[in-house]
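Asker: okay, here's the prediction I keep looking at, along with the sequence it came from:
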Amino acid sequence: MVFLWRVCGGLTVIGVVLVQVGLAQTATTPAAKPRPKAGADAKANMAVWTPEVQKSLGVSQDNFNAEGLNKLTKMQLTALEISARPDPRKQMLTCPANGTVPASGRVRVLVTVAGDDPTGAIAAAIQQAVGSLSGVDVVDSAATADRALHVVILEQTVNKRTIGFTASYLTATPCLAESGGKKSDAELKGTLGTYSDAKGPDLAKDLAGMMDQDLQPLRGSAKSQ
């Protein structure tokens, strides 16, 4: 087409060439895309509920927005899931719910006694005193206990004559620890204390009185249920 128009004059040829160049440029330049609305990218980066979120955080789809998790970014939600994920190198504790009483309405207490008690008389007296408390059953294993009382006895002597005993005690909540696929007994520590200058029967009575106070919150929760 250019060769035909060249016979008619140079000016016309130049005009045609310029028009063709302009058309070529128009044909090869892509049309401008519409710009996204302001905030569209930010909305796309906000956290959304997924079944994996419920598995890692224990949050249902209905509670996801109610707990404000939808206000996090995707990166923030991922960081939260990672922090909530249990470390396999650490132990996982499974314990009874705090402040609750067993369905039977009775509290099972594990009593252990160690130290200066060669005949076992002090241990027997402590177990009997704790077992006489209202709504309490003394058990012999952590797996069946709701509370634990650990006592260490130290004999006090003067000139090789026994003048009394000192008892250090610790209350605890029995739990189950799991690490590396293995399970073992564990405890959440409670109250630590000492009774001094007490004879055997008085020592058992004092420890039972302390344990009775320790169990009062459980009895209160049982009455309110």
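Answerer: Alright, I've got the coordinates.

Asker: tell me what the closest residue to Val139 other than its chain neighbours is bridged to.
Answerer: In space, and not counting its chain neighbours, Val139 is closest to Arg108: 4.7 Å by Cβ to Cβ, 6 or more residues apart in numbering. For every residue, glycine as well, the C-beta is placed using N, CA and C. Judged by DSSP bridges, the bridge partners of Arg108 are Asp137.

Asker: list the contacts of Arg108.
Answerer: Listed by Cβ atoms under 8 Å, 6 or more residues apart in numbering, the contact partners of Arg108 are Pro102, Val136, Asp137, Val138, Val139, Thr144, Ala145, Asp146, Arg147.

Asker: now do the closest residue to Gly135 other than its chain neighbours against Ala167, distance only.
Answerer: Nearest non-adjacent residue to Gly135, counting by Cβ to Cβ, 6+ apart: Arg106, 5.1 Å away. Counting by Cβ to Cβ, to the nearest Å, the gap from Arg106 to Ala167 is 25 Å.

Asker: how about Ile153?
Answerer: The value you get for Ile153 to Ala167, if Cβ to Cβ is used, is 6 Å.

Asker: and those two? Which one has more around it.
Answerer: Ala167 (24 against 19; other Cβ atoms under 10 Å).

Asker: wait, what's in contact with that one?
Answerer: Contacts of Ala167 (Cβ under 8 Å, 6+ apart): Val151, Val152, Ile153, Leu154, Thr194, Tyr195, Ser196, Ala198, Leu203, Asp206, Leu207.

Asker: could you chop this protein up by domain?
Answerer: 41-84, 107-224 (automatic domain parsing).

Asker: out of those, which gets nearest to Thr94?
Answerer: Nearest of those to Thr94, taken as Cβ to Cβ: domain 107-224 at 4.5 Å.

Asker: C-terminal to the longest strand seen in the chain, what's the next element?
Answerer: The longest strand of the chain (DSSP state E) is strand 161-179. Next in sequence after strand 161-179, counting helices and strands by DSSP states H and E, comes strand 182-198.
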